[in-house]
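Visitor: got a predicted structure plus its sequence, pasted below:
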Amino acid sequence: PQSPDVIDEPVLFAGMHTPHYGHLLTDGVSRLWCHEELRSCSRFFYQGLGASVAEDHDLSRRILEAGGVDFSKRLHVARPTQFRRLRIPIPSMQSDRRIYTAHADFLAAAAKAMIGGTNTESQPVYLSRSALAPEQRGANNEVELEDALTTRGVPVIHPEKLPLTEQLALFNGRRMIASCSGSALHTIFFSMNRGEGMTLVN
């Protein structure tokens, strides 16, 4: 492009935002593992999918701020821009390829800031997708499965109806969580004990 804006100061590339909950916890925070770099940099760039990034998406902003992202340092880019010095952390997760243990650090810190400690319960729970809209990849015969679990004393929970803090408490307090494939199980990344002693049934 002709005559782009030019930024000479060092800038940290902190990743790309997505409003999708599951992808936020995988792709969206994959470059935020380097806490000290993020705190010490004077400016960071966090790419959005639209004109505004996270400011208009309350859930994303709460998670990012609880993890230590200082939005006052965020560099807003409104037109073609050339960065003279851009530091780019290696992603801690690459979908369907690899995940490094450091990936969970940012989200575990966010969980600690939002709910404090943990309180473990032995009763298993089932996270249901049956109340989601039809296009949200439900599971065949899930209602029948829920009925069978309920008769055996297993609570059926619809995570999208819970406040974020209650979801975090669930994944930091239950020993066994069952669910169909989907973003609900990604909440395991908020586990402050890295899931030790927890069983996920997919």
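Guide: Yep, it's here. Numbering: from 1, shown residues only.

Visitor: can you list the buried residues in the longest strand seen in the chain?
Guide: When the chain is parsed with DSSP state E, its longest strand is strand 11-16. Residues of strand 11-16 classed as buried: V11, L12, F13, A14, G15, M16 (neighbour count, 16 or more other Cβ atoms under 10 Å). (Glycine included, C-beta is placed from N, CA and C.)

Visitor: kindly state the beta-bridge partners for the third one.
Guide: In this structure, F13 has the following beta-bridge partners (DSSP bridges): F45.

Visitor: gap between it and H20?
Guide: 20 Å (Cβ to Cβ, to the nearest Å).

Visitor: repeat that for V156.
Guide: According to Cβ to Cβ, V156 stands 24 Å off from H20.

Visitor: neighbour-wise, which of these two wins?
Guide: Neighbours were counted for V156 and for H20 using other Cβ atoms under 10 Å; V156 has more, 18 against 14.

Visitor: show me what contacts P124?
Guide: Residues near P124 by Cβ atoms under 8 Å, 6 or more residues apart in numbering: V154, R174, R175, M176, I177, A178.

Visitor: find the nearest non-adjacent residue to the residue most central in space within the chain, please.
Guide: Geometric centre of the chain, nearest residue: L25, 2.4 Å, by Cα atoms, centre = their mean. Nearest non-adjacent residue to L25, counting by Cβ to Cβ, 6 or more residues apart in numbering: H186, 4.5 Å away.

Visitor: now that neighbour: how far from G116?
Guide: Applying Cβ to Cβ, the value for H186 to G116 is 21 Å.

Visitor: okay, those two: which has more neighbours?
Guide: Between H186 and G116, H186 has the larger neighbour count (other Cβ under 10 Å), namely 16 against 12.

Visitor: got phi/psi on the more buried one?
Guide: phi -60, psi -20 (degrees, to the nearest 10).

Visitor: which helices and strands does the longest helix along the chain pack with?
Guide: Ranked by residue count, the top helix of the chain under DSSP state H comes out as helix 103-115. Helices and strands touching helix 103-115, by 3 or more Cβ pairs under 8 Å, 6 or more residues apart in numbering; DSSP states H and E, are helix 35-40, helix 58-66, helix 164-171.

Visitor: what would those helices look like in CSV with mean neighbour count and distance to S95?
Guide: Output for the helices and strands packed on helix 103-115, formatted as CSV (neighbours: other Cβ atoms under 10 Å; distance: least, Cβ to Cβ, whole Å):
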stretch, mean neighbour count, distance to S95
helix 35-40, 13, 22
helix 58-66, 18, 18
helix 164-171, 19, 20
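
Visitor: quick one: those as CSV, columns for distance to R98 and mean pLDDT too.
Guide: Shown next, in CSV, are the helices and strands packed on helix 103-115 (distance: least, Cβ to Cβ, whole Å; pLDDT from 0 to 100):
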stretch, distance to R98, mean pLDDT
helix 35-40, 21, 86
helix 58-66, 23, 87
helix 164-171, 22, 92
